[in-house]
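Asks: any chance you could fold what I've pasted below:
(2 chains)
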Amino acid sequence: NAGVTQTPKFQVLKTGQSMTLQCAQDMNHNSMYWYRQDPGMGLRLIYYSASEGTTDKGEVPNGYNVSRLNKREFSLRLESAAPSQTSVYFCASSRGGLAGAGVYNEQFFGPGTRLTVL
Amino acid sequence: AQSVTQLGSHVSVSEGALVLLRCNYSSSVPPYLFWYVQYPNQGLQLLLKYTTGATLVKGINGFEAEFKKSETSFHLTKPSAHMSDAAEYFCAVRPLNTGTASKLTFGTGTRLQVTL
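Replies: Numbering: from 1, shown residues only, chains lettered A, B, ... in the order given. Have a look, this model is predicted:
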């Protein structure tokens, strides 16, 4: 199994450009997440999808949109990139599912996308 | 809101020495607790987790952590450091009632350096 895959691995954008980060998992997980990692700040949740067809804002959603395309795929879109969005972006997934059934959920992480906005 | 504090952004130990990475959480109700490791240029990997039951939790690569409710702590230890342990370590908490999504709050991380 590939686990969680992310594309691209690296990207450089100019301010104002748009792009979509792709994430896919092959573990039949219900829940998926997007984080950004910045030095000294740990990982911060941008958006998450508890199950197919639902998305919710996390801690730092401004400037981003997401789409849960199907159970496997969860994309993150930057409509108008800003230098403050320079970061490493991680996608993760967990089994999730019915309320209470996923209490021991482990999140599985992708390898990350390193994004630079000039 | 839940928060996690990791004391020390950088820790340096000699190979063979004890590793102690500190994590404290803020919650009146003990949450689920996790330690993740991130090797250079990689994603995060689960080291161990505490949910219920035994307060001393053993993880991969010889790491263990002890949940201490009275101290609201979940410190990570390893008796003898190895060069391959050099990485960044993140403590994370998950409240008991976040519904079907396993939303985690991460600490700011501790970079472990292992020297000869």
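
Asks: going by C-alpha atoms from here, please, whenever you check contacts or count neighbours.
Replies: OK.

Asks: pLDDT below threshold where in chain B?
Replies: B:1, B:96-102 (pLDDT under 70).

Asks: all strands for chain A, in order.
Replies: Counting by DSSP state E, the segments of chain A that form strands are A:4-7, A:10-13, A:19-25, A:31-38, A:42-49, A:56-57, A:65-68, A:74-78, A:87-94, A:108-109, A:113-117.

Asks: one more: chain B?
Replies: B:3-5, B:10-14, B:19-21, B:24-26, B:32-38, B:44-50, B:56-58, B:64-68, B:73-78, B:87-94, B:105-106, B:110-115.

Asks: pick out the residue nearest the middle of the chain.
Replies: Going with chain A. Geometric centre of chain A, nearest residue: residue A:34, 2.2 Å, by C-alpha atoms, centre = their mean.

Asks: right idea, wrong chain: chain B
Replies: By C-alpha atoms, centre = their mean, the most central residue of chain B is residue B:35, 3.2 Å off.

Asks: which residue is the nearest non-sequential neighbour of it?
Replies: residue B:91 (4.6 Å; C-alpha to C-alpha, 6 or more residues apart in numbering or on different chains).

Asks: count of neighbours near the one you found?
Replies: 31 (other C-alpha atoms under 10 Å in any protein chain shown).

Asks: spit out the contact partners of the residue in chain A that chain B sits nearest to.
Replies: Using C-alpha to the nearest C-alpha, the point where chain A gets nearest to chain B is residue A:42, with a distance of 3.8 Å. Residues near residue A:42 by C-alpha atoms under 8 Å, 6 or more residues apart in numbering or on different chains: B:90, B:106-109.
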